[in-house]
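J.: sequence first, then the predicted structure, then my questions.
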Amino acid sequence: MVRPVGLWKFGATAKTDLDFLLPETASELHELYFQPHDDELELELPKEEPGHGHGARGFSG
């Protein structure tokens, strides 16, 4: 899970916190891999604030 830390405005760069479970042993950690997918992922993004319309540079600033 990734969540913003502190105050954040739409379109601004945010400090984030990453939270996930780690395996209990080193050998299990060695076998761990990341496989991204967005199947059935529903995100509720905040509504755009005035002045951040067309031509905005996106979430990363």
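T.: Right, received. Where do you want to start? Source: prediction; values computed, not measured.

J.: any idea which helix or strand in the protein has the lowest mean pLDDT?
T.: Ranked by mean pLDDT, DSSP states H and E, the weakest helix or strand in the chain is strand 2-5, scoring a mean of 85.

J.: okay, now the sheet partners of the helix or strand following that one, with direction.
T.: Scanning forward in sequence from strand 2-5 by DSSP states H and E, the next helix or strand is strand 15-18. Looking at strand 15-18 with DSSP bridges, its paired strands and their directions are strand 2-5 (antiparallel).

J.: contact partners of the partner strand?
T.: With contacts defined as Cβ atoms under 8 Å, 6 or more residues apart in numbering, strand 2-5 is touched by A14, K15, T16, D17, L18, D19. Using the backbone N, CA and C atoms, a C-beta is placed for each residue, glycine as well.

J.: do you know how far A14 is from W8?
T.: According to Cβ to Cβ, to the nearest Å, A14 stands 4 Å off from W8.

J.: who's more crowded, those two?
T.: The residue with the greater number of neighbours, taking A14 and W8 and applying other Cβ atoms under 10 Å, is A14; the counts read 18 against 14.
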